[in-house]
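*Asks:* test case, fold it:
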Amino acid sequence: MLTTPTITLSALAAKIKGLISDQFGGQSYWVVADITNHSFYQQKQHHYFDLVEKATGNNAILAKIPTVAWGDGAANIRHFERITGQAFKNDIQVLVRVSISYHAVYGLQLTLLEIDNNFTIGQLAQQKQAVLNQLLHSLPDHVWMEDGDYISANHLLPIKPVIQKIAVITSNNAAGYQDFKHTLEQNPFGYRFYTDYYFTVVQGEAKADMIVQKFIDIFQSGIEYDAVVIVRGGGAQTDFLIFDTFAMGRVVARFPVPVITGIGHHKDKSITDMLAHTDTKTPTKAAEWIIAHNRSFELELQESYQATLLQTQQWMHDLNRDLSEDQTYIAYEVRRLMDIHASSLQETQQDIFQSSLSLIQHHKESLFQKMHRVNAACTTRLSGELNGLKEILINIRHDSKSFLQDQKNLVQHIQTVCNLLSPENVLKRGYALVYHDGKIITEVSGLKPGMQVSIQLQDGTSVARVTDQN
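*Replies:* Numbers count the residues shown, from 1 in each chain. Sure, this is the predicted structure:
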């Protein structure tokens, strides 16, 4: 029989809990640590993970404590993800305020109370700057600094005055895909675009290689695209980190076709935006930029046509003026010569007359040839523009008629359904409405023995009393 004093394990645990409570109760501490073994339960909004400290040289674990976050702590994590754009996940370093507790079964445990957003924002900025420095060092011929701005080879690519053939990298589930497609197809100027969609995942840092592969597919397709557009929309702010990766920056900077971005960000530009030929904030803005680019070229053509027409009219006016001046000058010279050479007038009169007619005829023929060329050019151009306007008018009339007919059919269908579901028609098919105290009873649980109810049929209402409930 043992004579040594003993203590139960639960009593020992209680002593440990008391000591920890006396030492750390009511206190909290700011701790810098890495996250590992993270699990999140969506329904309860509970986070379970370990906070660990690793050695700088070999990543050996120096300390590890289980940690939980719920209530205000879980709300602070959601706020952290929204503000920083960083998912709360394994292998990120955070600055958190924690309290300390001890449980007889689960042991030592920390509870996350608060998380420092600025600490992580600073780390993300450092990571982004590190990627930019890596691009500058690895791709000096494709990425460089100029007046404090990052310039890429893709920036300097000439873009066609009219963009029509477009390769689009997007997700077929992304809201931005539909926004981009609708804006492009429903443009008010009737421009036609030829788009090839290269669908892939456009979120998650680990999925950058999938987007890079789509760039490779576009390059290897052999199709001469006017531009490549990356669009995405919706989703969490954490989804944008994929566009700050080295792989995305490298493929965009080196790509031989102008890249246009519309990835749905409203804050700082991503590395992909910074190195693309043109960056816009949303998929809709990307489509609007392309439409505006093409519209600018069309306006330049119209202005050029107007300038040419005005120049031609001025040219004809100058020719007519010159001709008139020539005629006046010749007449004057004839009269002057007749006065000076009166004695030889008879001999030279015929020569002068013929010369005058020849000179006038030459100017008239030249003028008529120029007028003919100008009229022909104007007629051809105006005919082409008129045909284009007629085609647009036909399309508008056809689409409007189809749309109005579809809406009329839809209204008729809704009216038919409403008539079929009206109470009068439902009662005609043998159904009944049961009321108690003016309220409709829809379930057996709403009936009690002895309860007096009203039963409405097609041709009237009857009163009954409930005798039993099955």
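
*Asks:* distance of residue 300 relative to residue 280?
*Replies:* 22 Å (Cβ to Cβ, to the nearest Å). All C-beta atoms are positioned from the backbone trio N, CA, C, and that covers glycine.

*Asks:* tell me which of those two has more neighbours.
*Replies:* When residue 300 and residue 280 are compared for neighbours, residue 280 comes out ahead with 22 against 11, by other Cβ atoms under 10 Å.

*Asks:* in this protein, where's the longest strand?
*Replies:* The strand of greatest length in the chain, counted in residues with DSSP state E as the criterion, is given as strand 29-41.

*Asks:* give the buried residues for it.
*Replies:* Burial within strand 29-41, assessed by neighbour count using 16 or more other Cβ atoms under 10 Å, is assigned to 31, 33, 34, 35, 38.

*Asks:* which of the three states applies to residue 87?
*Replies:* When states are read from DSSP: H, G, I helix; E, B strand; the rest coil, the local structure at residue 87 comes out as coil.

*Asks:* list the helices and strands whichever strand or helix holds residue 336 packs on?
*Replies:* Under the criterion of DSSP states H and E, residue 336 resides in helix 283-340. Contacts defined by 3 or more Cβ pairs under 8 Å, 6 or more residues apart in numbering; DSSP states H and E place helix 283-340 against helix 175-185, strand 227-231, strand 259-262, strand 278-280, helix 345-421.

*Asks:* related to what we said a few turns ago, what's the longest strand of the chain in contact with?
*Replies:* Residues outside strand 29-41 that contact it (Cβ atoms under 8 Å, 6 or more residues apart in numbering): 46-54, 63-64, 88-100, 110, 116, 119.

*Asks:* just want the angle from the next helix or strand along the chain from it to strand 29-41.
*Replies:* Per DSSP H and E, strand 29-41 leads on to strand 46-54 as the next helix or strand towards the C-terminus. An angle of 130 degrees separates the directions of strand 46-54 and strand 29-41 when computed by axes from the mean of the first three to the mean of the last three Cα atoms, to 10 degrees.

*Asks:* can you list the domains in this protein?
*Replies:* If the domains of the chain are taken from automatic domain parsing, they occupy 9-115, 126-295, 296-417, 427-465, with pieces of a single domain joined by a plus sign.

*Asks:* which residues in the stretch 51-200 of the chain form helices?
*Replies:* Shown for the stretch 51-200 of the chain, the helices assigned by DSSP state H, counting those that start in this stretch span residues 72-84, 117-138, 175-185.

*Asks:* of those, which is nearest residue 198?
*Replies:* Evaluated with Cβ to Cβ, the helices of the stretch 51-200 of the chain place helix 175-185 nearest to residue 198, the distance being 11.2 Å.

*Asks:* so which of the domains of the chain is the most surrounded?
*Replies:* domain 126-295 (a mean of 18; mean count of other Cβ atoms under 10 Å).

*Asks:* just the pLDDT for the most centrally placed residue in the chain.
*Replies:* Most central in the chain under Cα atoms, centre = their mean is residue 283, positioned 1.9 Å from the mean C-alpha point. The predicted structure scores residue 283 at 93 on the pLDDT scale.

*Asks:* do you know how far it is from residue 269?
*Replies:* As judged by Cβ to Cβ, residue 283 and residue 269 stand 16 Å apart.

*Asks:* related to what we said a few turns ago, just checking, the residue nearest to the centre of the chain touches residue 231?
*Replies:* Yes. Taking Cβ atoms under 8 Å as the definition, residue 283 is a contact partner of residue 231 at 3.9 Å.

*Asks:* circling back: just put the helices and strands packed on helix 283-340 in CSV and tack on mean pLDDT.
*Replies:* Putting these into CSV (pLDDT from 0 to 100) gives the following:
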stretch, mean pLDDT
helix 175-185, 90
strand 227-231, 96
strand 259-262, 96
strand 278-280, 93
helix 345-421, 77
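
*Asks:* can you put the ones you listed in TSV and add distance to residue 152?
*Replies:* Listed next are the helices and strands packed on helix 283-340 as TSV, based on distance: least, Cβ to Cβ, whole Å:
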stretch	distance to residue 152
helix 175-185	23
strand 227-231	14
strand 259-262	9
strand 278-280	11
helix 345-421	38
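
*Asks:* quick one, what contacts residue 309?
*Replies:* Under the criterion of Cβ under 8 Å, 6+ apart, the contact list for residue 309 reads residue 378.

*Asks:* give me the distance between it and residue 7.
*Replies:* Plainly put, residue 309 is 106 Å away from residue 7 if you go by Cβ to Cβ.

*Asks:* show me the shaky parts of the stretch 151-300 of the chain.
*Replies:* Residues of the stretch 151-300 of the chain that meet the criterion pLDDT under 70 lie in 203-206, 233-239, 265-268.

*Asks:* picking that back up, report the rounded mean pLDDT for the longest strand of the chain.
*Replies:* Averaging the model's pLDDT scores along strand 29-41 yields 90.

*Asks:* before we move on, the earlier item: of all the helices and strands packed on helix 283-340, which lies closest to residue 154?
*Replies:* Among the helices and strands packed on helix 283-340, if distance is taken as Cβ to Cβ, the winner is strand 259-262, at 5.5 Å.

*Asks:* need the residues that contact that closest one.
*Replies:* Surrounding strand 259-262, the residues in contact under the criterion Cβ under 8 Å, 6+ apart are 154, 176, 180, 227-232, 243, 252, 270, 272-273, 276-287, 289-290.

*Asks:* direction included, what does that strand pair up with?
*Replies:* With DSSP bridges as the criterion, the sheet partners recorded for strand 259-262 are strand 227-231 (parallel), strand 278-280 (parallel).

*Asks:* CA atoms of the helix or strand that that strand is followed by as PDB?
*Replies:* From strand 259-262 onward toward the C-terminus, using DSSP H and E, the following helix or strand is helix 271-275. Once non-C-alpha atoms are left out, helix 271-275 reads as follows in PDB (Å, rounded to 0.1, in the frame of the first residue of the first chain):
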ATOM      1  CA  ILE A 271       1.500  44.000 -60.500                       C
ATOM      2  CA  THR A 272      -0.400  42.600 -63.500                       C
ATOM      3  CA  ASP A 273      -2.100  46.000 -63.900                       C
ATOM      4  CA  MET A 274       1.200  47.900 -63.600                       C
ATOM      5  CA  LEU A 275       2.900  45.800 -66.400                       C
END
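
*Asks:* which residues are common contacts for residue 283 and residue 231?
*Replies:* Both residue 283 and residue 231 are contacted by 170, 176, 177, 179, 180, 262, 264, under the criterion Cβ under 8 Å, 6+ apart.
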